[in-house]
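S.K.: what's the 3D shape of this:
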Amino acid sequence: MTARRSRWLLCRDRDPGARLRLYFFPHSGGSAGEYLRWGAGLPGVEVWGVQPPGRAGRMAEPPIDRLDQLVQRLLAEAEFDGPFAFFGHSLGALVAFETARALRAAGREQPVALIASGLGAPRHQPGRPPLGEVDDARLIAALAAQGESLPPDLLADDELRAQLLGCLRADIRLLDGYRHRPGEPLDLPITVLAGREDTEPERQLRDWADHTTAPTQLELLPGGHFYLREQHDAAHRTIAGALHRAVPEPAG
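M.R.: As a prediction, the model looks like this:
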């Protein structure tokens, strides 16, 4: 199993003996680095992070604010080989889903599993009023309401604030402008994770089943939209189980 790094794909700890790779797609304003540490709890899994432009080490590049363009650029500039699986949180779940669809349409290798976190099924998106054009104060308040309070030291620095909010706005516009295109469902198992106190309706979480012909599983954990930060171990167990079902660990 080989892989090549690109600006889009980052890996902290390469594992030549891994049985599969797990690619993490970040939430709005997030970066690959937030997920690379997850490899420690997933033996036999090589963890990679997807790094779109406009954040972290790609801060100098303009962010992309259309989901179809983001997926096109990703497929043109990055190679997924495997076996591999996708994990996406919030907006990242939608990007992972559309990337899987695009890989199939292009006749390329597809993920063996999708783990969708903190987002209702794609056919329900966008599931909230547009936020991409609201003023800074309303945007910051909306983020705080879902448990994503921005660090005060970043907000106090005009340059850092502008960079962070610029990336966030581009990501939010990805969702604002998304319209689901009906098509053939995927043929891969989908595991759905969410916080019990999140605002995503459970019915919409269960509707991920409409987007695949394979089995789906929903697990609700204590917490809100960013339940992953408090339920790290429980999320790890669910992810490990989903990956084991897709690509079992060798016996012995």
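
S.K.: Okay, now the unreliable bits of the stretch 51-200 of the chain?
M.R.: Across the stretch 51-200 of the chain, the stretches falling below the confidence threshold (pLDDT under 70) are 127, 132, 146-152, 154.

S.K.: And the strands in it?
M.R.: If DSSP state E, counting those that start in this stretch is used as the criterion, the strands of the stretch 51-200 of the chain fall at 84-89, 114-117, 190-195.

S.K.: same for the shortest one, what does it pack against?
M.R.: With contacts defined as 3 or more C-beta pairs under 8 Å, 6 or more residues apart in numbering; DSSP states H and E, strand 114-117 has these neighbours: strand 84-89, helix 91-105, strand 190-195, helix 232-246. No exception for glycine: its C-beta is placed from N, CA and C like everyone else's.

S.K.: ok so, going back, with mean neighbour count and distance to residue 174 added, can I get the strands of the stretch 51-200 of the chain in JSON lines?
M.R.: Supplementary listing: the strands of the stretch 51-200 of the chain in JSON lines, determined by neighbours: other C-beta atoms under 10 Å; distance: least, C-beta to C-beta, whole Å:
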{"stretch": "strand 84-89", "mean neighbour count": "26", "distance to residue 174": "12"}
{"stretch": "strand 114-117", "mean neighbour count": "28", "distance to residue 174": "16"}
{"stretch": "strand 190-195", "mean neighbour count": "26", "distance to residue 174": "20"}
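
S.K.: do you know which of those strands lies nearest residue 242?
M.R.: Relative to residue 242, the nearest member of those by C-beta to C-beta is strand 190-195, separated by 4.1 Å.

S.K.: Residues in contact with the closest one: which ones?
M.R.: With contact meaning C-beta atoms under 8 Å, 6 or more residues apart in numbering, strand 190-195 is reached by 113-119, 200, 205-206, 208-209, 211-212, 214, 216-227, 231, 235, 238-239, 241-242.

S.K.: Is it possible to mark the buried ones in those residues?
M.R.: Among those, those classed as buried by 16 or more other C-beta atoms under 10 Å are 113-119, 200, 205, 208-209, 211-212, 216-217, 219-221, 223-227, 231, 235, 238-239, 242.

S.K.: burial of the spatially closest residue to residue 34 that is not a sequence neighbour, as a residue count?
M.R.: Leaving aside its chain neighbours, residue 34 sits nearest to residue 26 (6.4 Å; criterion: C-beta to C-beta, 6 or more residues apart in numbering). Under the neighbour criterion other C-beta atoms under 10 Å, residue 26 is assigned a count of 24.

S.K.: Ok, the one 10 residues further on next?
M.R.: Other residues within reach of residue 36, judged by other C-beta under 10 Å, total 18.

S.K.: got the contact list for it?
M.R.: Taking C-beta under 8 Å, 6+ apart as the definition, contacts of residue 36 comprise 10-13, 24, 47-49.

S.K.: you'd agree residue 242 is up against residue 113?
M.R.: Yes: using C-beta atoms under 8 Å as the test, residue 242 is close enough to residue 113 to be in contact (5.6 Å).

S.K.: shared neighbours of the two, which are they?
M.R.: Shared contacts of residue 242 and residue 113, counting by C-beta under 8 Å, 6+ apart, come down to 85, 189, 191.

S.K.: Bridge partners for the last one, pull those for me.
M.R.: In this entry, residue 191 is beta-bridged to residue 115, residue 217, by DSSP bridges.

S.K.: any idea how far it is from residue 43?
M.R.: When distance is defined by C-beta to C-beta, to the nearest Å, residue 191 is 18 Å away from residue 43.

S.K.: same deal with the second one?
M.R.: To residue 43, residue 189 is 20 Å away according to C-beta to C-beta.

S.K.: what's around the closest residue to residue 59 other than its chain neighbours, how many residues?
M.R.: Spatially, and ignoring its direct neighbours in sequence, residue 59 is nearest to residue 163 (6.1 Å; C-beta to C-beta, 6+ apart). By the criterion of other C-beta under 10 Å, residue 163 has 17 neighbours.
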